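Student: coordinates for the following, if possible.
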Amino acid sequence: MSDQASVNPDRTLVIDCEKVTRTYSEGPSELTIFSDISLQVVAGETVGIVGSSGAGKTTLLNLLGGLDRPSSGHIDICGQDIHRLSEAGRARFRNRHLGFVYQFHHLLPEFSALENVMLPGTLGGMSVRKASDRAAAMLERVGLGQRLRHKPGELSGGERQRVAIARALVNEPECVLMDEPTGNLDEQTGRGVQELIESLRDQIGIAFVLVTHDMSMARSLGRVLRLEQGQLFQES
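Tutor: Predicted structure coming up:
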């Protein structure tokens, strides 16, 4: 079944990925990671992408985030073909419209939780005062209002991932791309992060595209797609 069948046409289209192919050269031959993939995601939707290791899930996220270029096809994010932008233009676009969360939090260890979450705002030209206020409000929203001054080494694994989620959300993006966001957490902590994602999706209306090996998590969050043998299929 095509993944496009479940898209609600009455909601704002955030991602429109049409017939995207990604190949890599390996000496005289080419390796095709996936071919003619199409994907649509609307505002407030969570899409889980599952598949075996090496199927190309992270490659697909990198393409959606403008971190890699497709060999063919086009990817529109919020109506913008991101691969028509210059490198600097893509960086500005990502900062404004996209958030990223990875399996490992990638927080700056010498910075406090507040300073880490402020970074997208200050890098985008926001005043320090405004960035600080926004970061504090977002940390409060993810349950870390009392941990603003703590550095990553002083936080638990779940708290560090919540800081990473707050950082991804602080610029109020239309979409957040997540690569195994609970893969480095124990079951209980991972459940807490999952509940946070559900809450933020429902309250703020942000779209989430989530790569995960956890099928139960993917099913509970929303639509599930499987990437296998170079094709994207909707799970029944």
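
Student: contacts, neighbours, all on C-alpha from now
Tutor: Noted.

Student: remind me which residues of the protein are low pLDDT?
Tutor: Where the chain drops to pLDDT under 70, the residues are 1-11, 236.

Student: give me the most central residue, the protein.
Tutor: Taking C-alpha atoms, centre = their mean, the centroid of the chain lies closest to residue 177, which sits 0.9 Å from it.

Student: wait, a strand at it?
Tutor: Yes. Looking at residue 177 with DSSP: H, G, I helix; E, B strand; the rest coil, it is inside a strand.

Student: and it, bridged to which residues?
Tutor: According to DSSP bridges, the partner residues bridging residue 177 are residue 100, residue 209.

Student: could you dump the helix or strand hosting residue 200 to PDB, C-alpha only?
Tutor: Using DSSP states H and E, residue 200 falls within helix 187-204. Extracted as PDB, the C-alpha positions of helix 187-204 are listed here (Å, rounded to 0.1, in the frame of the first residue of the first chain):
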ATOM      1  CA  GLU A 187      12.700   1.200  28.800                       C
ATOM      2  CA  GLN A 188      11.200   3.400  31.500                       C
ATOM      3  CA  THR A 189      13.100   6.500  30.400                       C
ATOM      4  CA  GLY A 190      12.300   5.800  26.800                       C
ATOM      5  CA  ARG A 191       8.600   5.600  27.600                       C
ATOM      6  CA  GLY A 192       8.800   9.000  29.200                       C
ATOM      7  CA  VAL A 193      10.400  10.500  26.100                       C
ATOM      8  CA  GLN A 194       7.700   8.900  24.000                       C
ATOM      9  CA  GLU A 195       5.000  10.400  26.100                       C
ATOM     10  CA  LEU A 196       6.700  13.800  25.800                       C
ATOM     11  CA  ILE A 197       6.700  13.500  21.900                       C
ATOM     12  CA  GLU A 198       3.000  12.600  21.900                       C
ATOM     13  CA  SER A 199       2.200  15.600  24.200                       C
ATOM     14  CA  LEU A 200       4.200  18.100  22.100                       C
ATOM     15  CA  ARG A 201       2.800  16.800  18.900                       C
ATOM     16  CA  ASP A 202      -0.800  17.200  20.100                       C
ATOM     17  CA  GLN A 203      -0.300  20.500  21.900                       C
ATOM     18  CA  ILE A 204       1.900  22.400  19.400                       C
END
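
Student: now it against strand 175-179, angle please.
Tutor: 170 degrees (axes from the mean of the first three to the mean of the last three C-alpha atoms, to 10 degrees).

Student: surely residue 47 is within a strand?
Tutor: Yes. With three-state DSSP as the criterion, residue 47 is located in a strand.

Student: please enumerate the strands of the protein.
Tutor: Remark: strands assigned in the chain by DSSP state E are 13-26, 29-42, 46-50, 72-77, 80-81, 98-101, 175-179, 207-211, 223-228, 231-234.
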